[in-house]
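In: Turn this into a model:
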Amino acid sequence: MRVLLSTYGSRGDVEPLVGLAVRLRELGAEVRVCAPPDEDFAERLAGVGVSVVGVGQSARALTTAAPPPSKHNLPQRAAELIASQLRVMPPAAEGCDVLVATGATPAIAGARSVAEKLGIRYVSAIFQQLTLPSPHRPPMAYPGRPFPPEVTDNRALWELDAQSIDALFGEALNTGRESIGLPPVDNVRDYAFGDRPWLATDPVLDPWRETPDLDVVQTGAWTLPDERPLPADLVAFLDAGAPPVYVGFGSMAVRAGEEAARAAIEAVRSKGRRVLVGRGWADLGLIDDRDDCFAVGEVNHQRLFGRVAAVVHHGGAGTTTTAARAGAPQVVVPQLADQPYWGARVAELGVGVAHDGPVPTVESLSAALDTALDPKTGARAKALAGTVRTDGAMRAARLLLDTADASTAATAASADTAGTVG
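Out: From the prediction side, this is the model:
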């Protein structure tokens, strides 16, 4: 079996595909990946023996560029990405039996168009449930497109959500589809996700409530045990004193900014704790030369988070899950999209704090750390760690192959029946 995995987004969109790709290969499948052409993504996938085809612009360059995403530039960015997909992905998908698409909605819709054109099976996968229509909660609002405050019914809000996505991405998708001889679609969101999307999140951290409108398959998060050693200088810092507090905002470091990092460092120091700063995509650094603070780049978070007192982060799905699995208390400083949701889940589970808004101060983080560093929070975080699934990637890989085998058997049976009737 040959599988093409497709995504467009930050490290949090790419890393799960590493887990799925490795498990698929263990089961005998051939795997290719289409992802943003960022060097660190290619290196990560090459490290597990998976070939990568670059699609679209560098995700890091796009994230750090001005202006930030808005209703004015999202349609053009979507058009450029979809055009790149329709040009690059068909050769990459040659000989593949199934295409699994993740990432931003226009990227999923573009990938499904490629699968439709080539006549291969398609699966959409989501790393947070907030974009999946559900009568149990409202949708997220897109930048510059808030929902009318007088509309409170969830179903009505999801109808507005579909209209908003069509306004942002419909023209870009249908222009691309026309260029390869496909008819237009009139609901980008529902087309992208299909009738049976996969939710690749942990059911304890992100419980899905069944809905009659979608047959959602929750596989668990797609993670792998990370055996990479920590750098020697980082180990020396960790060994030199009590567990530090980790502060890192990943790809959101550009939005959080140096002031957020400075506030976090000062807040952690006010608790008598040492600080470990994750540089992220903004290349955050230290604010002075004191030896109680250390900066790191790309490292093994699974191993690192098991050695820290708490994790202060932006609330990405991957970081939240990794910290939860490590049993580390969390302070979530959400910047956008699904991050407020993950912060709320951390608070609801009693394993940390959701910061109120994206701009922290020394005072606000100091108050949050009082809760995160409380021994009771630490005990709850360690208890939660034992409940987080570790087999999500393998479950997804088996499901993908089992479904393919069933489809092949059904096709063969249909052909035999046709031959008998003839």
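In: gap between residue 41 and residue 14?
Out: According to CB to CB, to the nearest Å, residue 41 stands 5 Å off from residue 14. To be clear about C-beta, it is placed using only N, CA and C from the backbone, and glycine gets the same treatment.
In: overlap in contacts of the two?
Out: By CB atoms under 8 Å, 6 or more residues apart in numbering, residue 41 and residue 14 have these common neighbours: residue 35.
In: Name the SS class of residue 31, please.
Out: Secondary structure, DSSP: H, G, I helix; E, B strand; the rest coil: residue 31 is strand.
In: tell me which element the closest residue to it other than its chain neighbours is part of?
Out: Counting by CB to CB, 6 or more residues apart in numbering, residue 31 lies nearest to residue 21, which is 4.6 Å off, once chain neighbours are set aside. Element membership for residue 21, per DSSP states H and E: helix 11-26.
In: Run through the neighbouring helices and strands of that helix.
Out: strand 2-6, strand 30-35, helix 39-46, helix 317-326, helix 392-421 (3 or more CB pairs under 8 Å, 6 or more residues apart in numbering; DSSP states H and E).
In: residues in contact with residue 83?
Out: 176, 179.
In: Can you give me the buried ones in the helix or strand containing it?
Out: In this assignment (DSSP H and E), residue 83 forms part of helix 74-92. By neighbour count with 16 or more other CB atoms under 10 Å, helix 74-92 contains the buried residues 74-75, 77-79, 81-86, 88-89, 92.
In: Can you tell me which of those residues comes closest to residue 372?
Out: Of all the buried residues of helix 74-92, residue 372 sits closest to residue 74, with 34.7 Å by CB to CB.
In: Which pLDDT does the model give the closest one?
Out: With respect to pLDDT, residue 74 has a value of 80.
In: Could you verify my assumption that it touches residue 168?
Out: Yes. Under the criterion of CB atoms under 8 Å, residue 74 makes contact with residue 168 at 5.2 Å.
In: show me the contacts for residue 141.
Out: With CB under 8 Å, 6+ apart, residue 141 has these contacts: 147, 164.
In: and if you look at residue 315?
Out: Residues near residue 315 by CB under 8 Å, 6+ apart: 332-335, 338-343, 346, 354.
In: swap in residue 370?
Out: residue 271.
In: before we move on, which element is it in?
Out: helix 362-372.
In: After that helix, which helix or strand is next?
Out: Using DSSP H and E, the helix or strand that follows helix 362-372 in sequence is helix 375-385.
In: who are the neighbours of that next one, in terms of helices and strands?
Out: helix 317-326.
In: and the angle from the helix it packs on to helix 11-26?
Out: 70 degrees (axes from the mean of the first three to the mean of the last three CA atoms, to 10 degrees).
In: can I see the domain layout of this protein?
Out: If you go by automatic domain parsing, the domain ranges for the chain are 2-223+390-407, 232-385.
In: So which bits of the helix holding residue 21 are buried?
Out: 11-25.
In: Out of these, which comes closest to residue 295?
Out: Of all the buried residues of helix 11-26, residue 295 sits closest to residue 11, with 17.8 Å by CB to CB.
In: Show me the shaky parts of the protein.
Out: 63-72, 142-143, 250-257, 280-288, 404-422 (pLDDT under 70).
In: at 50 instead, please
Out: The model of the chain has pLDDT under 50 over residues 253-254, 409-413, 415, 418.
In: My guess is the residue nearest to residue 31 contacts residue 33. True?
Out: Yes. With contacts counted by CB under 8 Å, residue 21 reaches residue 33, the gap being 6.3 Å.
In: Find residues that contact each of these two.
Out: Common neighbours of residue 21 and residue 33, using CB under 8 Å, 6+ apart, are 5, 45, 50.
In: which ones are touching the second one?
Out: Contacts for residue 45 were tallied using CB under 8 Å, 6+ apart; they are 14, 17-18, 21, 33, 35, 51-52.
In: what do you get if the cut-off is 7 Å, keeping everything else the same?
Out: Neighbour list for residue 45: 18, 33, 52 [criterion: CB atoms under 7 Å, 6 or more residues apart in numbering].
In: residues near the residue lying closest to residue 381 once chain neighbours are set aside, how many?
Out: Computed as CB to CB, 6+ apart, the closest residue to residue 381 that is not its neighbour in sequence is residue 351, at 4.2 Å. Residues lying near residue 351 (other CB atoms under 10 Å) number 26.
In: List the contacts of residue 351.
Out: Contacts for residue 351 (CB under 7 Å, 6+ apart) come out as 324, 329-330, 377, 380-381, 384.
In: if we go to 10 Å?
Out: 205, 320, 323-324, 327-330, 345, 372, 377-385 (CB atoms under 10 Å, 6 or more residues apart in numbering).
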